[in-house]
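Asker: Quick one, what's the 3D model for this:
(2 chains)
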There are 2 protein chains.
Amino acid sequence: METTVGAIFEQGQRSIKVPVPVYIRASASVVGTKEGEGPFGDCFDVVGVDDKFGCETWEEAESTLQKEALQLAIGKSGIDSGGIRYLFAGDLLGQSIASSFGVGSFQIPLVGMYGACSTCGLSISMATVMIAGGMAEHAACVTSSHFASAEKEFRFPLGYGNQRPLSATWTVTGSGAFILSSTRSDHDRAMVAGLTIGKIVDFGLKDSMNMGACMAPAACDTIYHNLMDFGRQPSDYDKIITGDLGSVGQKALWDMMREKGMDISKVHMDCGMEIYDQSQDAHAGGSGCGCSAVVLSAYILKQLEEGKWKRVLFVPTGALLSKTSFNEGQSIPGIAHAVELVGLKQ
Amino acid sequence: METTVGAIFEQGQRSIKVPVPVYIRASASVVGTKEGEGPFGDCFDVVGVDDKFGCETWEEAESTLQKEALQLAIGKSGIDSGGIRYLFAGDLLGQSIASSFGVGSFQIPLVGMYGACSTCGLSISMATVMIAGGMAEHAACVTSSHFASAEKEFRFPLGYGNQRPLSATWTVTGSGAFILSSTRSDHDRAMVAGLTIGKIVDFGLKDSMNMGACMAPAACDTIYHNLMDFGRQPSDYDKIITGDLGSVGQKALWDMMREKGMDISKVHMDCGMEIYDQSQDAHAGGSGCGCSAVVLSAYILKQLEEGKWKRVLFVPTGALLSKTSFNEGQSIPGIAHAVELVGLKQ
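Answerer: Here you go, the predicted structure:
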């Protein structure tokens, strides 16, 4: 009855096989002191010496992270900032103020995104759609989080010194920026080949100190549908990389995937579990929009560039709560958006 | 050096001429009691009898607005909800919880958007890009605001009974939903023909009780660039319709456009100035994501459908503040996204 469009799948499916090549031409990562002391410390472009980044407030500091990451990524891309047609940006703060006050000075038309900690995946997805659809040649994406602004937004004043259970994650102070393009250059980092936009998945969990468990069902749903839509096995990816499930969420994800008859344990990696080491007292791992974004820029794209990995599924995960919804006794729904990245090394 | 893509303009421009027809197949509006008593009272699909819509909290009430508007719009479209590939949604509350708790039950893959009160324009823009790019056949958009949840989020507890200056606007309780499609039906309401994505424009204003003045520069910037990019005069549109500038913002917009040598006063309309009448004590007018969304669904699309207008520029306007940024003494940057709508009546 209705015509089927080339790039998409059948009804009931939700993935997009990107119809023309979209390249990640450049990226940048800017992080705080704790992240700089972690396992990826040497891989980040900038490690701040002071988590306030010279600003008066934590929110301004987070805006500065975005500004520096985006500036760096644009510089590396070799594209004049006037040539970047659209910017896709978002963060965790109420009304996305880290972005609003971070990226205004670039004067690039702005598409504001919200997917909690999955925003990096969502923004890369929509920039890819814009470029693949022929409506932009170059687009930028930037996302951020900051430990101190997130604690203030979602939990307790830092001075209160609240205790954190072992299931809690530590919000990453960092911002990752990416420049996507339809035209090939001699220094592209990877290609975006497929997208799977996630649904809201709500198992009714309410513990904001165990967000890994809240987000794992959404990660499972998105990964499962990606594999089904593309007719793949977990082993078809060198890595399936979630954003910030942490150690508790990882176990839940593996169990749920096994219930669907799929074992992802051999290829699974979680950015939150890798960004800090055991000695850093981050408990279940790192989290926040910045977590997956800086690990993608500093580590994942490097592996693809060097040919160590050929094809990965990058799946940032988000917990869709606010302090208001939490205080009103609501559950914490999850969402996850998957981006298939392919290395360009022959 | 780089190839130019058909649908887009030269460097420095920011508009998109939608390359293939995208139709607004159906829409719906659900509003509160005050909106029901206003000039468009008879045009809305549903007017609630109780602004809590049977819920326990204002946030749940706003989620219910979204749920009902989306359900109605899907029903009118004649498309099975499984056939709607993606949903673009957002609202004003911190971490967009009205959307997260409003649309989860539809189980449609979700693209979360944030553009403050411009979100309706942004979501229709991105759904259009997705469809025009061949990556979806049908997509849905929904946005909302609620007077009481917005007062709680941005200003004072209702019980405090704060006074409002005459420049203040009244947040509309309402939600508008839209179903967009690449395929023609016999009941399409209008066609999306052009898009102009806005930039952040910050004149340094800080008065959250005068958001019209904060947003007018952004509206001016977007309208000006739309006219320049498409080589048009204001009179090429039957109406240029801003979202929620109110009477103070309208005057500022007209003045700024005149400074650019363009008089839009003959074709300009502001949704916020039309949704309430003088007797309703709304001061400068209505505002909120819901304001432009419900006026678009209930009134603007009706004029296009009936052939009274042939071509309009719909320009929802957003003020990118949060209570944190306001309390920290930051300015209130504005943004506006423009959607060109064309009637289908011969």
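
Asker: Count the residues that sit near the residue of chain A found nearest chain B.
Answerer: The nearest approach of chain A to chain B comes at A:Gly133, 2.0 Å away (Cβ to the nearest Cβ). (Each C-beta comes from the backbone N, C-alpha and C, glycine too.) Residues near A:Gly133, counting by other Cβ atoms under 10 Å in any protein chain shown, number 24.

Asker: ok, the closest residue to it other than its chain neighbours - contacts?
Answerer: Among residues not flanking A:Gly133 along the chain, B:Gly133 sits closest, at 2.0 Å (Cβ to Cβ, 6 or more residues apart in numbering or on different chains). Going by Cβ atoms under 8 Å, 6 or more residues apart in numbering or on different chains, B:Gly133 touches A:7, A:129-130, A:132-135.

Asker: so what's A:Gly90 bridging to?
Answerer: A:Gly90 has these beta-bridge partners by DSSP bridges: A:Thr143.

Asker: Am I right that it is in contact with A:Cys117?
Answerer: No: in this structure A:Gly90 lies outside contact range of A:Cys117 using Cβ atoms under 8 Å: 10.3 Å.

Asker: which residues are in contact with both of the two?
Answerer: Common neighbours of A:Gly90 and A:Cys117 (criterion: Cβ under 8 Å, 6+ apart): A:Cys289.

Asker: Same drill for the two, tell me which one is more crowded.
Answerer: Comparing A:Gly90 with A:Cys117 by other Cβ under 10 Å, the one with more neighbours is A:Cys117, at 37 against 28.

Asker: okay, the more buried one: pLDDT?
Answerer: Note on A:Cys117: pLDDT of 97.

Asker: got it, and A:Gly12?
Answerer: A:Gly12 is given a pLDDT of 73.

Asker: same question, the one 3 residues further on
Answerer: The confidence metric pLDDT takes the value 96 at A:Ser15.

Asker: now do A:Phe9
Answerer: What the model reports for A:Phe9 is a pLDDT of 61.

Asker: Tell me the gap between the helix or strand where A:Glu60 lies and the middle of its chain.
Answerer: Element membership for A:Glu60, per DSSP states H and E: helix A:58-77. A distance of 16 Å separates the centroid of the chain from that of helix A:58-77, by Cα atoms, centre = their mean, to the nearest Å.

Asker: and it, what other elements does it pack with?
Answerer: If contacts are counted by 3 or more Cβ pairs under 8 Å, 6 or more residues apart in numbering or on different chains; DSSP states H and E, helix A:58-77 sits against strand A:15-31, strand A:46-47, strand A:86-91, helix A:97-100, strand A:138-145, helix A:147-154, strand A:174-181.

Asker: Report all helices and strands that the third one contacts.
Answerer: Using 3+ Cβ pairs under 8 Å, 6+ apart as the contact test, the elements touching strand A:86-91 are helix A:58-77, helix A:97-100, strand A:110-112, helix A:119-132, strand A:138-145.

Asker: Make JSON lines out of the ones you listed and add distance to B:Cys289.
Answerer: Shown next, in JSON lines, are the helices and strands packed on strand A:86-91 (distance: least, Cβ to Cβ, whole Å):
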{"stretch": "helix A:58-77", "distance to B:Cys289": "22"}
{"stretch": "helix A:97-100", "distance to B:Cys289": "16"}
{"stretch": "strand A:110-112", "distance to B:Cys289": "12"}
{"stretch": "helix A:119-132", "distance to B:Cys289": "19"}
{"stretch": "strand A:138-145", "distance to B:Cys289": "22"}
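
Asker: Geometric centre of chain A: which residue is closest?
Answerer: Nearest to the geometric centre of chain A sits A:Cys120, at 3.4 Å (Cα atoms, centre = their mean).

Asker: Phi, psi for A:Ser322 please.
Answerer: Backbone torsions of A:Ser322, given as degrees, to the nearest 10, read phi -130, psi 170.

Asker: can you check the one 4 residues further on too?
Answerer: Taking degrees, to the nearest 10, you get phi -60, psi -50 for the backbone angles of A:Phe326.

Asker: Repeat that for A:Asp207.
Answerer: Note on A:Asp207: backbone dihedrals following degrees, to the nearest 10 are phi -90, psi 110.

Asker: Then the one 3 residues further on?
Answerer: Dihedral angles of A:Asn210 (phi, psi; degrees, to the nearest 10) stand at phi -140, psi 60.

Asker: residue contacts, it?
Answerer: Counting by Cβ under 8 Å, 6+ apart, A:Asn210 makes contact with A:165, A:167-168, A:248, A:284.

Asker: Up against chain B, what does the stretch 101-250 of chain A have?
Answerer: Contact residues (Cβ under 8 Å from any Cβ of the partner chain) of the stretch 101-250 of chain A with chain B: A:101, A:103-104, A:107-116, A:119, A:122, A:125-126, A:129-130, A:132-137, A:152-153, A:182-183, A:197-200, A:202.

Asker: repeat that with 6 Å
Answerer: For the stretch 101-250 of chain A, the contact set with chain B under Cβ under 6 Å from any Cβ of the partner chain comprises A:104, A:107, A:109-110, A:112, A:114-115, A:129-130, A:133-135, A:137, A:183, A:197, A:199-200, A:202.

Asker: Are any of these buried, and if so which?
Answerer: A:104, A:109-110, A:112, A:114-115, A:129-130, A:133-135, A:137, A:197, A:199-200, A:202 (16 or more other Cβ atoms under 10 Å in any protein chain shown).

Asker: Of those residues, which pair is most distant in space?
Answerer: A:Glu137 and A:Asp202 (38.5 Å; Cβ to Cβ).

Asker: my guess is A:Tyr276 is in a helix, correct?
Answerer: No: going by DSSP: H, G, I helix; E, B strand; the rest coil, the assignment for A:Tyr276 is coil, not a helix.

Asker: how many neighbours does it have?
Answerer: With other Cβ under 10 Å as criterion, A:Tyr276 counts 23.

Asker: now do A:Ser265
Answerer: Applying other Cβ under 10 Å, we find 14 residues neighbouring A:Ser265.

Asker: got it, and A:Gly212?
Answerer: 31.

Asker: Quick check: chain neighbours aside, which residue is closest to it?
Answerer: Excluding its sequence neighbours, the residue lying closest to A:Gly212 (Cβ to Cβ, 6+ apart) is A:Gly249, at 2.4 Å.

Asker: Secondary structure element holding that neighbour?
Answerer: Element membership for A:Gly249 (DSSP H and E) is helix A:246-259.

Asker: Might you calculate how far the next helix or strand after that helix sits from the centre of the chain?
Answerer: Going down the chain from helix A:246-259, the next helix or strand is strand A:268-270, by DSSP H and E. Here strand A:268-270 is found 13 Å from its chain centre; the criterion is Cα atoms, centre = their mean.

Asker: and if you look at stretch A:168-182?
Answerer: The answer for stretch A:168-182 is 6 Å, by Cα atoms, centre = their mean.

Asker: Nice, that's everything, thank you.
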